[in-house]
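K.L.:
No sequence on hand, only this structure:
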């Protein structure tokens, strides 16, 4: 982990040394630390908790914009970050400052007193402490991993749980079937709360319904209580045109529909629908089908360059649907995949899009799959591929390609770390 502020970087790095594993799902350690901090999480009201495989960060961000533009103060906690760690924590509508972040991290480190705790748990505890010291009208929490044993789930009540589409990812922690994974995700559903569930497979739907009944929670499901057709959101007599949303891709209509449903059904989240056309274009969430401005690309400004944080089969399915819908032809993909990702199924999805060349990077700054192994499978699938040292090596090769199409299109994808480091370099 890096940070422009050396003191913050050092303290964040020191947190990784407190536990032998980066991930160890349990609520015991954070419970002890929060108790020493005087249980700040118990004093936070009006929590919106979001779990799911893909889209939870987008839903959190959309809700944040919808609510702060109604004049409310919002605290929001999202992860992971793309460029700067501070992106994860916004306090009363503003990104946390370096000084305040450092002060609280130092304080929490001291209180923790070298006790074993994972990185995510200690930063989540620090975030709860910041949110308690700066109470807002609403608090939005994005689950880090799973739900049931995720550090954010130390809370005992919420206004609403939102469950974005569930697919298979992180199988080593959550299980390798939709059923097992959904059982983890529904762990965030709280007694007598509201539940908003996005588009789901039949098996996920059944588990969400059962858990909602057990918890006496009021459940609203996509396609049963609301739907999106041709860019229009429908719920009872209400129709909302979603076309002005700044985020690209049909999946973002689905994500915003979950956010809207929460705003409609939860009284404390009610919004003025007339204001939506002004709010939708303002929503900013970097790295999600984001087109890079040519003046940031300098030597490569003759390329049309896109970045997307797709890093699992579900994410690539959405990316490829967008490629096919926009009829993108003769384009290149630059990719690096984490060691635990389901590379075979991801490549099967990429094949449908038919890229001119797939550039596989030697992942230097994170634990990535062996590029030769990925290339071997790409060869078997007859996907034309090359191994490149880094993004710029691949961009250089693409620039030299003498094929006769005017503006070459490139998509950089496969990992949040890859997209984040590229954005950090150019911005």
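P.N.:
Structure received. Being a predicted model, the structure only gives us computed values, none of them experimental.
K.L.:
what residue ranges in the stretch 151-300 of the chain score low on pLDDT?
P.N.:
170-174 (pLDDT under 70).
K.L.:
Tell me where it has strands.
P.N.:
160-163, 194-197, 218-221, 227-229, 232-235, 238-241, 290-291 (DSSP state E, counting those that start in this stretch).
K.L.:
could you redo those as a markdown table and give each row mean neighbour count?
P.N.:
Yep, even glycine has a C-beta here, placed from its N, CA and C like the rest. Below are these laid out as a markdown table (neighbours: other Cβ atoms under 10 Å):
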| stretch | mean neighbour count |
| --- | --- |
| strand 160-163 | 30 |
| strand 194-197 | 26 |
| strand 218-221 | 18 |
| strand 227-229 | 14 |
| strand 232-235 | 16 |
| strand 238-241 | 14 |
| strand 290-291 | 16 |
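K.L.:
quick one, which of those is nearest to residue 374?
P.N.:
Nearest to residue 374 among the strands of the stretch 151-300 of the chain is strand 290-291; the distance by Cβ to Cβ comes to 24.0 Å.
K.L.:
And that closest one, what does it pack against?
P.N.:
strand 303-308 (3 or more Cβ pairs under 8 Å, 6 or more residues apart in numbering; DSSP states H and E).
K.L.:
Report the mean per-residue pLDDT for the strand it packs on.
P.N.:
For strand 303-308, mean pLDDT is 96.
K.L.:
elements contacting that strand?
P.N.:
Looks like strand 303-308 contacts strand 290-291, helix 391-400, strand 408-413, helix 416-426 (3+ Cβ pairs under 8 Å, 6+ apart).
K.L.:
just so I know, which of these lies nearest residue 82?
P.N.:
It is, among the helices and strands packed on strand 303-308 and with distance given as Cβ to Cβ, helix 416-426, at 4.1 Å.
K.L.:
Hey, what's the angle from the closest one to strand 408-413? Just curious.
P.N.:
Angle of helix 416-426 versus strand 408-413, following axes from the mean of the first three to the mean of the last three Cα atoms, to 10 degrees, is 130 degrees.
K.L.:
out of the strands of the stretch 151-300 of the chain, nearest to residue 36?
P.N.:
Using Cβ to Cβ, the strands of the stretch 151-300 of the chain put strand 160-163 closest to residue 36, at 27.7 Å.
K.L.:
What strands flank the closest one, and is each parallel or antiparallel?
P.N.:
According to DSSP bridges, strand 160-163 has the following sheet partners: strand 47-51 (parallel), strand 194-197 (parallel).
K.L.:
Please enumerate residues in contact with it?
P.N.:
For strand 160-163, contacts defined as Cβ atoms under 8 Å, 6 or more residues apart in numbering pick out 48-52, 56, 59, 185-186, 188-190, 193-198, 200, 208, 217, 258-259, 262, 265-266, 269.
K.L.:
repeat that with 7 Å
P.N.:
48-52, 59, 185, 188-190, 193-198, 208, 258, 262, 266 (Cβ atoms under 7 Å, 6 or more residues apart in numbering).
K.L.:
thinking again about what came up before, quick check: which of the helices and strands packed on strand 303-308 is nearest to residue 124?
P.N.:
With Cβ to Cβ as the criterion, residue 124 lies closest to helix 416-426 of the helices and strands packed on strand 303-308, at 18.0 Å.
K.L.:
which parts of the closest one are buried?
P.N.:
Neighbour counts using 16 or more other Cβ atoms under 10 Å place 416, 417, 418, 419, 420, 421, 422, 423 of helix 416-426 among the buried residues.
K.L.:
Compile those residues into a markdown table and extend it with columns for distance to residue 315.
P.N.:
Converted to a markdown table, the buried residues of helix 416-426 look like this (distance: Cβ to Cβ, whole Å):
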| residue | distance to residue 315 |
| --- | --- |
| 416 | 10 |
| 417 | 14 |
| 418 | 13 |
| 419 | 11 |
| 420 | 15 |
| 421 | 18 |
| 422 | 17 |
| 423 | 17 |
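K.L.:
Helix, strand, or coil at the residue nearest the centre of the chain?
P.N.:
Nearest to the geometric centre of the chain sits residue 57, at 3.8 Å (Cα atoms, centre = their mean). Following DSSP: H, G, I helix; E, B strand; the rest coil, residue 57 is assigned to helix.
K.L.:
Which residue, other than its chain neighbours, is closest to it?
P.N.:
Leaving aside its chain neighbours, residue 57 sits nearest to residue 78 (5.3 Å; criterion: Cβ to Cβ, 6 or more residues apart in numbering).
K.L.:
Check residue 201 too.
P.N.:
residue 178 (5.4 Å).
K.L.:
Neighbours of the one you found, how many?
P.N.:
18 (other Cβ atoms under 10 Å).
K.L.:
returning to what we had before: let me see the contact set for the residue nearest to residue 57.
P.N.:
57, 60, 88, 142.
K.L.:
Just the closest of these to residue 308, please.
P.N.:
Using Cβ to Cβ, the contacts of residue 78 come closest to residue 308 at residue 57, 12.9 Å.
K.L.:
Verify the contact between the closest one and residue 142 for me.
P.N.:
Yes - with contact defined as Cβ atoms under 7 Å, residue 57 reaches residue 142; the gap is 5.8 Å.
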